[in-house]
Each structure stands twice: as structure tokens, then as C-alpha cells.
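Enquirer: Sequence below, structure please.
(one chain, ligands or ions: 1)
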Amino acid sequence: MSRHHNFIIAIDGFSSCGKSTLAKALAKKLKFAFIDSGAMYRAVTLYFIRHSIALDDQEAIDNALKEIHIDFIPNATKTEIHLNDEDISEEIRQMYISDKVSEVSAIKAVRVAMVAQQQKLGSRRNIIMDGRDIGTTVFPDADLKIFMTADPKVRAARRYLELTEKGEDVTLEEVVENLASRDHIDSTRAESPLRQAEDAIVLDNSNLTPEQQLHFVEEEYLKVKALKIQA
Ligand code: DC
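Expert: Modelled structure (predicted):
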């Protein structure tokens with residue numbers, strides 16, 4: 001059983017599997033804080049692009065990381081993500097960030113800095129954190145670990161719909177390519193690649209509604225909670 005007193009739920013999986021959607025709904029239901037770790041890598045990517053940081057310039061990267069402060073600010077309807085006090089929640093969802101974020105998140109110094117911040121964010125509260133390495137690296141002793149997966153075609157179609165609904169000018173082929181390339185980089189990188197933790201529960205949501213997914217995880221949560229109380 002875990003060494004911490006707060007309850008930590010780790011949700012990992014491939015890009016566009018619906019991790020954030022599930023994590024948000026679960027956080028609302030359980031009244032846990034939700035932390036989208038991918039948004040943090042996206043914030044770093046935005047900073048690097050704005051400041052023209054070359055991805056092979058270690059010194060520039062180290063200096064930039066010292067200047068990057070990321071906060072999650074809950075408001076009435078959602079949690080905003082702030083980069084040095086600027087709300088960048090919308091900006092980081094754009095395709096030009098998605099195209100670069102896997103490269104940025106493969107850099108060791110970036111990961112070390114973000115993992116430290118993520119561990120700090122989860123040190124005292126009940127949290128749900130979603131990402132790629134939460135159950136393996138960030139919180140290896142998380143109370144509940146979910147590994148999400150879905151058919152690549154279903155994932156691409158969902159993502160395409162999401163982007164075009166926001167008015168982004170993308171084709172389905174571009175989305176398919178972006179997902180395939182991110183899957184490849186995320187799961188083959190040297191630094192904490194995306195992989196399923198041995199004790200993670202797999203959730204394939206290709207044919208599940210959001211309600212069914214929520215129900216599935218909630219049941220698992222209740223089982224672990226009962227055990228944690230007994231311990
Ligand atoms: O979940 P997302 O698509 O917003 O994540 C953006 C990128 O960040 C993704 O391509 C991989 C990376 N990432 C990571 O390496 N580790 C995490 N814990 C979360 C995201």
C-alpha cells in the first residue's frame with residue numbers, strides 16, 4: 001500500500017485517448033484536484049517557441065527552465081493553466097504546439113524539471129494526474145493506476161472533431177500523422193517512455209461512452225479506497 005496519506009490516481013496512455021476528459025469528470029465527482037501533466041509540457045513548448053530556444057542548446061534550455069513558472073488556477077467553470085501569470089489554456093491546444101511537444105518532452109532536463117513540479121503538486125492533496133509516465137515515474141506508488149488505450153482510428157476521429165469544432169484548419173490525414181508520430185516519439189524516447197505500469201488497470205475506451213468510463217474507474221476507486229481504509 002502507498003506511503004502517502006493523500007489519494008493519488010494516475011491516468012496514463014496514448015495521445016487523444018480521452019484521458020483528460022475522464023480525469024476531469026472523475027475529479028469533479030470525487031472532488032479531487034485534476035492536473036493535466038501534458039499541459040505542462042505544452043506550456044514549456046510554447047515558451048521555447050516564443051523565445052526561439054533551440055532544442056539542442058542545453059544551456060539555453062537550462063536557463064529557460066529556470067524562467068518557466070506554471071500554475072493551475074481553478075475558476076468557476078474550469079482550471080486555467082498559466083505560464084508566468086498568463087492564461088495559455090487555449091493557445092497550447094493549437095496544432096503548432098502539438099507538432100513540437102513530443103520533441104520538447106523527450107528532453108531530459110525538461111522532464112526532470114516537470115516531474116519535480118508534478119510531484120510537488122501532488123504531495124499534499126488528493127489528485128488525479130494524467131499523462132504518459134505518471135504511474136511509472138512521477139507517482140510509482142499511486143493508489144490507482146489506469147492505462148488508457150483506444151483504436152487509433154477512433155482516436156484520430158475524436159481529435160479531428162475536437163479541433164475542427166474549435167475552428168482549426170486541419171485535415172484528418174494531418175491529425176492521423178500527428179498522432180502516429182507522437183505515439184512513436186512518446187513510446188520510444190530514452191527518458192521515461194510511455195509504457196504501462198505493471199500494476200495499472202487497462203481501459204480500452206474505443207467503444208465506451210464517457211459515462212461508462214467514469215463508472216468503470218469509480219468502481220476501481222471504491223475498491224482501492226476500501227482497502228486503504230482497512231490498512
Ligand atoms: O496529453 P497531451 O497530448 O496534452 O501531451 C502532450 C505531449 O506531452 C505528449 O506528446 C507527450 C508529452 N507528455 C509526456 O511526455 N509526459 C507526460 N506525463 C504528459 C505528456
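
Enquirer: which residue is nearest the centroid of the chain?
Expert: Compute the mean C-alpha point of the chain, and by CA atoms, centre = their mean the closest residue is residue 131, 2.9 Å away.

Enquirer: from what I can see it touches residue 38, true?
Expert: Yes. Because the distance of 5.7 Å satisfies CB atoms under 8 Å, residue 131 is recorded as touching residue 38. C-beta: built from backbone N, CA, C; applies to glycine.

Enquirer: Residue 45: which element?
Expert: Assigned by DSSP states H and E, residue 45 belongs to helix 37-50.

Enquirer: Past that helix, which element shows up next along the chain?
Expert: Using DSSP H and E, the helix or strand that directly follows helix 37-50 along the chain is helix 58-67.

Enquirer: contacting residues around that following helix?
Expert: If you take CB atoms under 8 Å, 6 or more residues apart in numbering as the criterion, helix 58-67 is touched by 44, 47-48, 51, 53-55, 84, 107, 109-110, 113.

Enquirer: if we look at the ligand, which of those are close to it?
Expert: Among the contacts of helix 58-67, no residue is within reach of the ligand (CB under 6 Å from any ligand atom).

Enquirer: any chance of those residues in a markdown table, with neighbour count and pLDDT too?
Expert: Conversion of the contacts of helix 58-67 to a markdown table gives the following (neighbours: other CB atoms under 10 Å; pLDDT from 0 to 100):
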| residue | neighbour count | pLDDT |
| --- | --- | --- |
| 44 | 26 | 98 |
| 47 | 19 | 98 |
| 48 | 23 | 98 |
| 51 | 12 | 98 |
| 53 | 18 | 98 |
| 54 | 9 | 97 |
| 55 | 15 | 97 |
| 84 | 12 | 97 |
| 107 | 20 | 96 |
| 109 | 13 | 97 |
| 110 | 24 | 98 |
| 113 | 20 | 97 |
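
Enquirer: Thanks a lot, see you next time.
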